[in-house]
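[1] quick one: sequence plus predicted model below, questions after.
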Number of protein chains: 2
Amino acid sequence: MGIVERKKRQRESLRHEILDASREILLAGGYAQLSMRGIAKRIEYSPTTIYLYFKNKDEILYHLCVEALERQFEFIHAAGGDEPTPFLRLRAALRAYIDFGLSEPDRYQITYMADISRYVSMASILEQGSFASRLREFMCQRVNEVLIDAGCALDVESASQALWAHCHGMVSLLIGRPDFPWVERERLIETGLDISLNGLARHGAG
Amino acid sequence: MGIVERKKRQRESLRHEILDASREILLAGGYAQLSMRGIAKRIEYSPTTIYLYFKNKDEILYHLCVEALERQFEFIHAAGGDEPTPFLRLRAALRAYIDFGLSEPDRYQITYMADISRYVSMASILEQGSFASRLREFMCQRVNEVLIDAGCALDVESASQALWAHCHGMVSLLIGRPDFPWVERERLIETGLDISLNGLARHGAG
DNA sequence: TTAACTAACTTTACAGTGTTAAGTATCTTT
DNA sequence: AAAGATACTTAACACTGTAAAGTTAGTTAA
């Protein structure tokens, strides 16, 4: 029965068109520009058609979020693999985290700053095998290597979450308050990383 | 001419009523609940009356933001003054920053996370003598004491901004993603502070 | 004292948002 | 050809922030 297949393909196709249009609007005009009616106009369907393919706007945001996490994971995973020490490998990963956020602010915003929680649970974003959970594991691994290397008794999970928060703080403030009188950006980032990483490696080392 | 005075007072009074209503709505129902029509209903005036007292919604948010910064400054300024060392005094201030954010999430959100930038400039928030600028100076001062005490050559401004970002990251993630599988909150905060502060104090100390 | 002016406030309206319910047209199956 | 499912649209609801015009009451000047 090729017809059923074709229908399925067509359905899948419009689903993708919706996500493509959403992504384009997001990256072109930012998060605030993204509206159901805007998406509808772009794909040349009525606004309510979208609801036949997605439960609501948050479900679209969720898919954009998952996509963004995939890109983020790949960006960070690719960074610093050739560095000689655990310390430098972790540093490269954190630096990549920050660079990703600053170079793709709208993607970053949708994953970490947008108010996405009404319909989308953290659990579904962190489901096993997802890029979010792989990113999390990857980070914990790099942190763990440093902890072992430095002979430091810190809890991996706590340390990873703290470092994540540190990086997120820099990204979100730089994105969200661009007109604050920041020191030179590169210096701020490097100082922030130095502080965090020195604090990690030398923790409990007298 | 007492009449002009009285009129001025009445005008000032309604202005305050509007801000009071806004604050109450914000603290009761959160940022998303705050609407011009909601404020109007609470003060028993028509929605457009508000526009005779405030340019737009952002100007109301701005005033709530300034208020929140005042509270935040006082909360943080009061913390740790009796601690014996610069290190512990800074630690207490950062801890207070985080505690303030977590205990008054809506106030925190409006000052650091809300998209307030269309009409309100950072410059007006940081104007000389404002609580925002006093908070900033206070933080730099405590950081500076630690830097001097530890004989560390880090730039005060960079270090302060980095530490601020670290704390903001923890607060904003804990507020914004409450359903993430965080480690026990107290442990996370303490670990984050340990890392940041050890990294600061031991920076460049071999 | 009456006419002009002004200040305070409301009504109406516009353009936008997410979303639901009902209706239509087309395509598939019996 | 009739029945049923699928895909899509139109109309509508309940919101949002905000601008323009209209109303009412109070103040001032002739």
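    That came through, no problem. Residues are numbered from 1 along each chain as shown, chains lettered A, B, ... in the order given.
[2] give the buried residues for the stretch of helix or strand residue A:62 belongs to.
    Assigned by DSSP states H and E, residue A:62 falls within helix A:57-77. Buried positions in helix A:57-77, judged by neighbour count with 16 or more other C-beta atoms under 10 Å in any protein chain shown: A:57-58, A:60-69, A:72-73, A:75-77. To be clear about C-beta, it is placed using only N, CA and C from the backbone, and glycine gets the same treatment.
[3] wondering if it reaches chain B at all.
    No - contact of helix A:57-77 with chain B is not found when judged by C-beta under 8 Å from any C-beta of the partner chain; the minimum separation is 11.8 Å.
[4] do you know how far the most centrally placed residue in chain A is from chain B?
    In chain A, the residue lying closest to the centroid (C-alpha atoms, centre = their mean) is residue A:69, at 4.2 Å. As defined by C-beta to the nearest C-beta, to the nearest Å, residue A:69 lies at a distance of 13 Å from chain B.
[5] residue A:67 too?
    Counting by C-beta to the nearest C-beta, the gap between residue A:67 and chain B amounts to 18 Å.
[6] before we move on, the earlier item: report the distance from the helix holding residue A:62 to the chain centre.
    Its chain's average C-alpha position is 6 Å from that of helix A:57-77, according to C-alpha atoms, centre = their mean, to the nearest Å.
[7] now for it, which elements pack on it?
    Judged by 3 or more C-beta pairs under 8 Å, 6 or more residues apart in numbering or on different chains; DSSP states H and E, helix A:57-77 is in contact with helix A:2-29, helix A:86-103, helix A:105-108, helix A:122-125, helix A:131-149.
[8] the third one packs against which elements?
    Identification of packing neighbours for helix A:105-108 by 3+ C-beta pairs under 8 Å, 6+ apart yields helix A:2-29, helix A:57-77, helix A:86-103, helix A:156-176.
[9] DNA strand D: which of those is closest?
    Ranking those by proximity to DNA strand D (C-beta to the nearest atom of the strand) places helix A:2-29 first, at 5.0 Å.
[10] in the closest one, which residues are buried?
    Within helix A:2-29, the residues that qualify as buried are A:17-19, A:21-23, A:25-26, counting by 16+ other C-beta under 10 Å.
[11] how about those in a markdown table, adding pLDDT and distance to residue B:12?
    Compiled in a markdown table, these are given as follows (pLDDT from 0 to 100; distance: C-beta to C-beta, whole Å):
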| residue | pLDDT | distance to residue B:12 |
| --- | --- | --- |
| A:17 | 97 | 55 |
| A:18 | 98 | 51 |
| A:19 | 97 | 52 |
| A:21 | 98 | 49 |
| A:22 | 97 | 47 |
| A:23 | 97 | 49 |
| A:25 | 97 | 44 |
| A:26 | 95 | 43 |
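[12] save those residues as a markdown table, and put in distance to DNA strand D too.
    Putting the buried residues of helix A:2-29 into a markdown table (distance: C-beta to the nearest atom of the strand, whole Å) gives the following:
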| residue | distance to DNA strand D |
| --- | --- |
| A:17 | 10 |
| A:18 | 10 |
| A:19 | 15 |
| A:21 | 13 |
| A:22 | 16 |
| A:23 | 20 |
| A:25 | 18 |
| A:26 | 21 |
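[13] quickly find the element holding residue A:191.
    In the assignment (DSSP H and E), residue A:191 maps to helix A:185-201.
[14] low-confidence ranges in chain A?
    Across chain A, the stretches falling below the confidence threshold (pLDDT under 70) are A:1-7, A:204-206.
[15] and it, which residues reach DNA strand D?
    Proximity of chain A to DNA strand D (C-beta under 7 Å from any atom of the strand) is limited to residues A:7, A:10-11, A:14, A:45-49, A:52.
[16] break chain A down into its domains, please.
    A:1-54, A:57-201 (automatic domain parsing).
[17] next, the angle from the helix holding residue A:191 to helix B:156-176.
    If you take axes from the mean of the first three to the mean of the last three C-alpha atoms, to 10 degrees, helix A:185-201 sits at 70 degrees to helix B:156-176.
[18] what's in contact with helix A:185-201?
    A:87, A:90-91, A:94-95, A:98, A:143, A:146-147, A:149-150, A:152, A:154, A:159, A:163, A:166-167, A:170, A:174, A:182, B:154-155, B:158-159, B:161-163, B:165-166, B:194-200, B:202-203 (C-beta atoms under 8 Å, 6 or more residues apart in numbering or on different chains).
[19] is DNA strand C contacted by the helix holding residue A:62?
    Yes - judged by C-beta under 7 Å from any atom of the strand, helix A:57-77 and DNA strand C are in contact via A:57-58.
[20] same check on stretch A:104-111?
    No - shown here: stretch A:104-111 not in contact with DNA strand C (C-beta under 7 Å from any atom of the strand), separated by at least 13.5 Å.
[21] for that stretch, how far is the first residue from the last?
    Stretch A:104-111 stretches 11 Å from its first residue to its last (C-alpha to C-alpha, to the nearest Å).
[22] stretch A:76-94 too?
    Taking C-alpha to C-alpha as the measure, stretch A:76-94 stretches 8 Å from start to finish.
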